[in-house]
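J.: structure for the following, please:
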Amino acid sequence: MPAGNRTSAILHSRARNIVVESTTRVGLIGQLSNPVQRRLSPTDIDDLVAAYRKGATINDLAAYYGIHRTTVANHLSRREVMRHHQRTAWDDTTLREAAELYATGLSLAQVGAIFGIDAQTAVGRFRRAGLQVRPRLGWSVSRIT
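T.: Here you go, the predicted model:
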């Protein structure tokens, strides 16, 4: 290998190292790829559970305590806390009652309000149960799936 090419290869190699170091430093300024784990004290976990029972969401608690949302869910599971979506789950009797109210002409929003859920949640529950959902006023039937 001629000397010129060897010098060029060494300079190129050094340039790559500089770029890698520069990129690494930029990466450290932004976000760490392996952040330090945050462990909650038993008192913090008690407070987390109490806040969740009062209506705080998992995402809100994760942001507040600086932990991942999965960690919040795991703390709740270990304490056997019923999740928000489980508290509003419908049994067959509740589904039948909601369907009867909807059949009388109430809107999905009205049925949802009675049961403490959103109208779209009611739509999903009706559809999973195989119940027909009326088309929205002004919508063509082809837009409803």
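
J.: doesn't A62 make contact with T71?
T.: Yes: in terms of C-beta atoms under 8 Å, T71 counts as a neighbour of A62; the distance is 7.1 Å. Using the backbone N, CA and C atoms, a C-beta is placed for each residue, glycine as well.

J.: low-confidence stretches in the protein?
T.: Applying pLDDT under 70 to the chain flags residues 1-35, 85-88, 138-145.

J.: where do the helices sit along the protein?
T.: Along the chain, counting by DSSP state H, helices occupy 3-30, 42-53, 58-65, 69-78, 84-87, 92-103, 108-115, 119-128.

J.: give the contact list for Q132.
T.: By C-beta atoms under 8 Å, 6 or more residues apart in numbering, the contact list for Q132 reads F126.

J.: okay, now the domains of this protein?
T.: Split into domains by automatic domain parsing, the chain comes to 1-35, 42-86, 88-143.

J.: distance of S107 from N59?
T.: S107 sits 29 Å away from N59, taking C-beta to C-beta, to the nearest Å as the criterion.

J.: okay, these two: which has more neighbours?
T.: The neighbour comparison of S107 against N59 (other C-beta atoms under 10 Å) goes to S107, with 15 against 10.

J.: if you drop the residues flanking it in sequence, what lies closest to the more buried one?
T.: A119 (7.3 Å; C-beta to C-beta, 6 or more residues apart in numbering).

J.: L40 too?
T.: Y65 is the one closest to L40 (C-beta to C-beta, 6+ apart), at 6.3 Å.

J.: against R39, how distant is the one you found?
T.: Counting by C-beta to C-beta - Y65 and R39 are separated by 10 Å.

J.: of those two, which one has the most company?
T.: Neighbours were counted for Y65 and for R39 using other C-beta under 10 Å; Y65 has more, 18 against 9.

J.: I figured I58 was touching N74, is that so?
T.: No: here I58 does not reach N74: they are 10.5 Å apart, not a contact under C-beta under 8 Å.

J.: still on that earlier bit, need the contact list for the residue nearest to L40.
T.: By C-beta under 8 Å, 6+ apart, Y65 lies in contact with R38, L40, D44, L48, V72.
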